[in-house]
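Peer 1: my questions are about this predicted structure, shown below with the sequence.
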Amino acid sequence: MIPLSYYLMGAIALYIVGMYCLAVKRNMIRLVIGIEILINAAHLNFIAFSAYRSPSFIDPLGHSIVIMSIAFAGCVTAVALTIVTYAYKHYGTLDVRKLRRLKW
Amino acid sequence: MRMNRNRVVGVTAIVLAILIISMLVVSHEFPILNSAETVKMETTEFLWTYRLIDLIAQAFVLFAAAACCVAILRAGEKE
Amino acid sequence: MFTKPLNTLLILMVTMPVMGWVTYKKKYRKIRGLYAVLGLSVTAYFLYELYVEVSEKGNLRFSSLPFGACLEIDMLGVFMALVYVMIGLLAAAYSMKYMERDTGLTEYYTLLLGMVAGMMGVTFAGDFFTLFVFWELMSLTSYALVAFRKERWAPIEAGFKYLIMSAAGGATILLAMSFLYGMTGTLNFADIATGLSGVVSTEWLYVTLTLIIVGFGVKAAIVPFHTWLPDAHPEAPAPISALLSGALVPTGAYALIRVLLLVFGSIQSVWQMTLLVFAVLTMFVGNLMALLQDDIKRLLAFSTIAQMGYILFGFSLASQQGLTGSLFHIMNHAIMKSLLFLCAGAFVHQVGTRDLRKLEGIRRTMPVTSLLLAIGAVAIAAIPPLNGFWSEWMIVLAGIEAEMLPFSALMIINILLSVAYYLRLIYVIVLKEPTPVSKKATAAPLSMLIPIIILAALCIIIGIYPGPFVALAQQAAKATLGL
């Protein structure tokens, strides 16, 4: 089997990619996708740990948590996209750098 | 609906295709591999016995998410 | 299923749309608000029963099986739930009149009940994933409530920024949870504590600690992650601002201290120092930024950040005295900050502006509301004999007792800084000459004033006779430390 640290590195790389996406990207929908990437990093971690905790036995706790957490990610995306719809109606653009009227 | 030759040929071909494929599907027995089904049942049983509180709370979260979307997408001022 | 108060709130949340459908005619619309208020009162009664049961029998535990999801209710959970239900009840009663002119009130009350249910579930959770489930319930409903008045651009912008930051915080919590699951194989708080108790601290434990502080700190308004707060609080409707400041932000602090105390016992000195530095930074940034504000609700939002700094300072000492002071301050801050936000909401409802320069001298036309605002500002500026003084003094004393003298001195400097802008608030509202805008105001309606009067009365009562409330906070602190 592949050593566990490769999966951990993959999860942390996904987390860093997600944070980079939130910090740098300008399109609002890309920010929502960035949040999905962050959540999926944690999912990968759960699945990797549930496989590697003991040899030849897969712990079902990790899988059940991921099943429920995917539903939460979907809920957050739904509410986020509704707010993006209204933001587009008010501002006329999907550029998050234009949402700067609330300053100071 | 205008009847021209292309339309008649197309509809006949599609109906024939559906009949042939359904006869094939019914005649070949689908192999439900037993191990896959027990894995699925075990996960479901695990969720049901060990994570019952979380499952019920998640149902409420899904309801609340639907209520959020309705609240933001509501019709707005009419008067 | 769950405990009685939580059951009641969840069933109310689900049946509120039915109630909204039944009362579609205009003259029956008030029944929706009344339903929410009555439901919250019934919940408060069940919570009192639960408190009696917990103080007799010790910690309650509702779980299907030993390794499954569970709700573990101790005095700390009951204490925090008591604060949330009280503030929720008063906010719902206030919003019966305040949100009259808005559409979509059915969804509003549904989401309000959902938010209080989520917060109560966070405080009752005994398993990390159960905490996360209720955390998401609380967060989702608050995203929609901040962006509730979607016709204007400002709530939408504030709601979007809040959503992105808070969802990123939630994902960070999930990642930290996965590391803890990997280390111990379970997500139950008690089992994680026993699993990690013998372990020599590895680097992964420090990584998990960082992720926990960042994840919960986004909600608890710790300073580098606080930037959603000054935008979200002014743009939310006033009762929701009161609930956000008084209940949602302290929930982040509660979850932080619960997880840190239970899970990270082996590296306690490390997280105490870290949290102490963050607390002092939060206090300073909150107070200094509040001195510069002209918008009344934005000033109160920065003041919330500073008060969370005080609460985190008390939590970071992790002694019984420090925890008692912080928990008592959470209760006091909820009362005082809700009082201030509801008064500010009354001004906005009558006059239509939040600008302090236009609200000068509004005491002439709205005397009762100005008096209540003055009581709230005096209380939160830690002037004796009102209730803010007792709790902040307890935190300072705990700091001195734990031999953190320079940090206690910094906290006293911060309290003095905060007195400056609270007194400025009173000066502007009460003592200046009225502007043309404030002359046009009329007195606030009585049904909006009743919750504010109850809160002001509580401020005075707790200030003059803090004994039973401090005893309650002390019971909660003892339960947290496992004594």
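Peer 2: Sure thing, it's come through. Treat the numbers as computed from the prediction; the structure is a model and nothing was measured.
Peer 1: can you pull the buried residues of the helix or strand containing A:G10?
Peer 2: A:G10 belongs to helix A:4-24 when assigned by DSSP states H and E. Buried residues in helix A:4-24, counted by 16 or more other CB atoms under 10 Å in any protein chain shown: A:7-8, A:11, A:14-15, A:18-19, A:21-22. Every residue, glycine included, has its C-beta placed from N, CA and C.
Peer 1: among these, which are within reach of chain C?
Peer 2: Residues of those in contact with chain C (CB under 8 Å from any CB of the partner chain): A:11, A:15, A:18-19, A:22.
Peer 1: picking up where we left off before, in the buried residues of helix A:4-24, find the pair that's most separated.
Peer 2: By the measure CB to CB, A:Y7 and A:L22 form the most distant pair in the buried residues of helix A:4-24, at 23.0 Å.
Peer 1: what sits against C:A255?
Peer 2: C:122, C:131, C:135, C:216, C:219-220 (CB atoms under 8 Å, 6 or more residues apart in numbering or on different chains).
Peer 1: got any ranges where chain A has weak pLDDT?
Peer 2: Residue ranges of chain A with pLDDT under 70: A:103-104.
Peer 1: any residue of the top helix by length along chain A up close to chain C?
Peer 2: Across chain A, the longest stretch assigned as helix under DSSP state H is helix A:60-91. Yes. Shown here: helix A:60-91 in contact with chain C (CB under 8 Å from any CB) through A:61-62, A:65, A:68-69, A:72, A:75-76, A:79-80, A:83-84, A:86-87, A:90-91.
Peer 1: quick check, nearest of these to C:S303?
Peer 2: Of all the residues of helix A:60-91 next to chain C, C:S303 sits closest to A:I83, with 26.9 Å by CB to CB.
Peer 1: give the contact list for the closest one.
Peer 2: Neighbouring residues of A:I83 by CB under 8 Å, 6+ apart: B:72, C:143, C:147, C:156, C:159-160, C:163.
Peer 1: elements contacting the host helix or strand of A:L38?
Peer 2: In this assignment (DSSP H and E), A:L38 forms part of helix A:28-52. Helix A:28-52 sits against helix A:4-24, helix A:60-91, helix C:153-184, with contacts defined as 3 or more CB pairs under 8 Å, 6 or more residues apart in numbering or on different chains; DSSP states H and E.
Peer 1: could you list the buried residues of the last one?
Peer 2: Of all the residues in helix C:153-184, those buried under the rule 16+ other CB under 10 Å are C:153, C:155-184.
Peer 1: and the second one, by the same measure?
Peer 2: Neighbour counts over helix A:60-91 (16+ other CB under 10 Å) mark A:60-69, A:72-73, A:75-80, A:82-84, A:86-87, A:90-91 as buried.
Peer 1: that one vs helix C:153-184, what angle?
Peer 2: Going by axes from the mean of the first three to the mean of the last three CA atoms, to 10 degrees, helix A:60-91 is angled at 170 degrees with respect to helix C:153-184.
Peer 1: get me the contact residues on chain C for chain A.
Peer 2: So chain C meets chain A at C:67, C:129, C:132-133, C:136, C:140, C:143-144, C:147, C:150, C:152-154, C:156-161, C:163-164, C:167-168, C:170-172, C:174-175, C:177-179, C:181-182, C:185-187, C:231, C:235 (CB under 8 Å from any CB).
Peer 1: contacts with chain B among those residues, please.
Peer 2: Residues of the residues of chain C next to chain A in contact with chain B (CB under 8 Å from any CB): C:67, C:129, C:133, C:136, C:140, C:143-144, C:147, C:150.
Peer 1: of those residues, which belong to helices?
Peer 2: In this view, these that belong to helices under DSSP H are C:129, C:133, C:136, C:140, C:143-144.
Peer 1: how about these in a markdown table, adding pLDDT?
Peer 2: Below are those laid out as a markdown table (pLDDT from 0 to 100):
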| residue | pLDDT |
| --- | --- |
| C:F129 | 92 |
| C:V133 | 94 |
| C:E136 | 94 |
| C:L140 | 95 |
| C:Y143 | 95 |
| C:A144 | 94 |
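Peer 1: tell me how many other residues surround B:A57.
Peer 2: 28 (other CB atoms under 10 Å in any protein chain shown).
Peer 1: please identify the buried residues of the strand or helix carrying it?
Peer 2: Following DSSP H and E, one finds B:A57 within helix B:52-72. By 16+ other CB under 10 Å, the buried positions in helix B:52-72 come out as B:52-55, B:57-58, B:60-72.
Peer 1: now stretch C:231-242, how far from the centre of its chain.
Peer 2: Here stretch C:231-242 is found 13 Å from its chain centre; the criterion is CA atoms, centre = their mean, to the nearest Å.
Peer 1: end to end, how far does it reach?
Peer 2: 14 Å (CA to CA, to the nearest Å).
Peer 1: what pLDDT, on average, does that stretch get?
Peer 2: Mean pLDDT, computed over stretch C:231-242, is 92.
Peer 1: same question for stretch C:476-483.
Peer 2: Mean predicted confidence for stretch C:476-483 is 81.
Peer 1: which other residues reach it?
Peer 2: Outside stretch C:476-483, the residues that touch it by CB under 8 Å, 6+ apart are C:59, C:74-76, C:78-80, C:257-258, C:261, C:318, C:320, C:323-324, C:327.
Peer 1: likewise for stretch B:60-69?
Peer 2: A:71-72, A:75, A:78-79, A:82, C:10, C:13-14, C:17, C:107, C:110-111, C:114, C:117-118, C:133, C:136-137, C:140-141, C:143-144.
Peer 1: contact partners for the residue of chain A found nearest chain B?
Peer 2: Chain A approaches chain B most closely through A:C75 (3.7 Å), counting by CB to the nearest CB. By CB under 8 Å, 6+ apart, the contact list for A:C75 reads B:61-62, B:65, C:136, C:140.
Peer 1: quick revisit: in TSV: the contacts of C:A255, plus pLDDT, neighbour count and secondary structure.
Peer 2: Formatted as TSV, these follow (pLDDT from 0 to 100; neighbours: other CB atoms under 10 Å in any protein chain shown; DSSP: H, G, I helix; E, B strand; the rest coil):
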residue	pLDDT	neighbour count	secondary structure
C:V122	94	27	helix
C:L131	94	23	helix
C:W135	95	28	helix
C:F216	94	27	helix
C:K219	92	27	helix
C:A220	92	28	coil
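Peer 1: pull the most distant pair out of the residues you listed.
Peer 2: C:L131 and C:A220 (14.1 Å).
Peer 1: isn't C:V37 right next to C:M96, touching?
Peer 2: Yes. At 7.0 Å, C:V37 counts as touching C:M96 under the criterion of CB atoms under 8 Å.
Peer 1: model confidence at the nearest residue to A:V76 once chain neighbours are set aside, what's the number?
Peer 2: Distance criterion CB to CB, 6 or more residues apart in numbering or on different chains; nearest residue to A:V76, sequence neighbours excluded, is C:A167 at 5.1 Å. Predicted confidence (pLDDT) for C:A167: 96.
Peer 1: tell me who's in contact with C:A167.
Peer 2: By CB under 8 Å, 6+ apart, the neighbours of C:A167 are A:35, A:38, A:76, A:80, C:139.
Peer 1: which SSE is C:M411 in?
Peer 2: Counting by DSSP H and E, C:M411 is part of helix C:405-426.
Peer 1: what's that helix packed up against?
Peer 2: helix C:268-290, helix C:296-317, helix C:367-380, helix C:387-401.
Peer 1: same question for that helix, mean pLDDT?
Peer 2: Helix C:405-426 comes out at a mean pLDDT of 90.
Peer 1: how close does B:F30 sit to B:T44?
Peer 2: From B:F30 across to B:T44, the span is 21 Å (CB to CB, to the nearest Å).
Peer 1: which elements pack onto the host helix or strand of C:L71?
Peer 2: Element membership for C:L71 (DSSP H and E) is strand C:70-73. Packed against strand C:70-73 by the contact rule (3+ CB pairs under 8 Å, 6+ apart) you find strand C:60-63, helix C:105-124.
Peer 1: for C:I462, give me its contacts.
Peer 2: Per CB under 8 Å, 6+ apart, neighbours of C:I462: C:332, C:335, C:387, C:390, C:469.
Peer 1: and C:S266, what are its phi and psi?
Peer 2: The phi/psi pair for C:S266 (degrees, to the nearest 10) reads phi -80, psi -20.
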